[in-house]
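Trainee: for reference, the sequence and a predicted model appear below.
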Amino acid sequence: MIFLVIGAIFRAIAVAMAISVPSIVLITGTSDGSSITLIAALIAGALICLEYLNTYPSMLEFRDAAPYNRIRYLSALIAIICVSTLFRTIGRWSDYSLYSEAHVTFEEDAGAYDQKDAAGFIHLNALRLKLLAARKRRMG
């Protein structure tokens, strides 16, 4: 019984690690994305643990082909690590870039973006809609 519990916990940790590897390798993700990935990894790990602790399979019957599952798992894990490493962005910087940390948010921009600047665009867009409505009234 103890080996069953240890095996189930080991498999749950292995699956949770496979799910969370891209979030660990791709450091550029947001904290929300990392949190969602962690929750998904924990849920998947719990489901795998419960599946292996049951006497009979409840959701999927994948316990019969253990060597093949290990090979599939290892090949999938290697593929996940390789793809995540390939798409990892180390960081780029250019003196000619127009990107500014101060302008990427509208909430905590310390005055970099003035909300009043949008008024002209809103009035210009509203003019188009007013003309369209006037034409519809004229046409009947």
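Mentor: Cool, the structure landed.
Trainee: counting contacts, what elements does the lowest-mean-pLDDT helix or strand in the chain pack onto?
Mentor: Lowest mean confidence among the helices and strands of the chain (mean pLDDT, DSSP states H and E): helix 66-86, at a mean of 76. Here helix 66-86 touches helix 2-25, going by 3 or more C-beta pairs under 8 Å, 6 or more residues apart in numbering; DSSP states H and E. The C-beta positions use only the backbone N, C-alpha and C, and glycine is treated the same way.
Trainee: quick check: next helix or strand after the helix it packs on?
Mentor: helix 31-53 (DSSP states H and E).
Trainee: so what does that following helix touch, helix or strand wise?
Mentor: helix 2-25.
Trainee: could you give the angle of the least confident helix or strand of the chain to helix 2-25?
Mentor: 20 degrees (axes from the mean of the first three to the mean of the last three C-alpha atoms, to 10 degrees).
Trainee: okay, helix 66-86 in CSV with CA atoms only?
Mentor: C-alpha atoms of helix 66-86 as CSV (Å, rounded to 0.1, in the frame of the first residue of the first chain):
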residue,chain,number,x,y,z
ALA,A,66,3.2,1.3,-18.0
PRO,A,67,6.4,1.1,-20.0
TYR,A,68,4.8,2.8,-23.0
ASN,A,69,3.4,5.5,-20.7
ARG,A,70,6.8,6.2,-19.3
ILE,A,71,8.3,6.5,-22.8
ARG,A,72,5.4,8.7,-23.9
TYR,A,73,5.8,10.9,-20.8
LEU,A,74,9.5,11.3,-21.2
SER,A,75,9.3,12.1,-24.9
ALA,A,76,6.5,14.6,-24.2
LEU,A,77,8.5,16.2,-21.4
ILE,A,78,11.6,16.5,-23.6
ALA,A,79,9.5,18.0,-26.4
ILE,A,80,8.0,20.5,-23.9
ILE,A,81,11.4,21.5,-22.6
CYS,A,82,12.9,21.9,-26.1
VAL,A,83,10.0,23.9,-27.4
SER,A,84,9.9,26.1,-24.3
THR,A,85,13.7,26.7,-24.6
LEU,A,86,13.4,27.5,-28.3
